[in-house]
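**Student:** Quick check, what structure comes out for this input:
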Amino acid sequence: NANSFNYECIFFKNSFENLSFYEANFEKSFIFFQNIIKGNLNAINANLNFTFDNLEEKIKQKYEEFNKNKKEEDQKSLDKFA
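**Tutor:** Next up is the predicted model:
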């Protein structure tokens, strides 16, 4: 299938005008980290395993874990972390 990704798919620090996934099948992990989408994100027939209800709390939790044992000069501010 032309829409199957059989290997780990990583999008890291990219910038997109628009981004669409139609009937995409990700067999391995799908990692979408520190990307900027200026326009629209369309994910049709996709399974996104998070809700916006707890997203803010999860970000704060990860932020605190990240900075927990770091010196003050090595810590990231919340706006840079998320």
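
**Student:** pretty sure Phe21 is in a strand, no?
**Tutor:** Yes. Checked against DSSP: H, G, I helix; E, B strand; the rest coil, Phe21 lies within a strand.

**Student:** What's the per-residue pLDDT of the residue lying closest to Asn35 once chain neighbours are set aside here?
**Tutor:** Sequence neighbours aside, Asn14 is the residue nearest to Asn35 in space, at 4.8 Å (criterion: C-beta to C-beta, 6 or more residues apart in numbering). Just so you know, the C-beta spots here come from the backbone N, C-alpha and C atoms, and that holds for glycine as well. On pLDDT, Asn14 comes in at 84.

**Student:** And Asn14, how far from Ile37?
**Tutor:** 9 Å (C-beta to C-beta, to the nearest Å).

**Student:** what does Lys68 give?
**Tutor:** Lys68 sits 30 Å away from Ile37, taking C-beta to C-beta as the criterion.

**Student:** avg pLDDT for stretch 66-82?
**Tutor:** pLDDT averaged over stretch 66-82 gives 80.

**Student:** Asn3 against Phe26, yeah?
**Tutor:** No. Under the criterion of C-beta atoms under 8 Å, Asn3 makes no contact with Phe26, lying 9.5 Å away.

**Student:** Contact partners for Phe12?
**Tutor:** Taking C-beta atoms under 8 Å, 6 or more residues apart in numbering as the contact definition, Phe12 lies against Ile31, Phe33, Gln34, Asn35.
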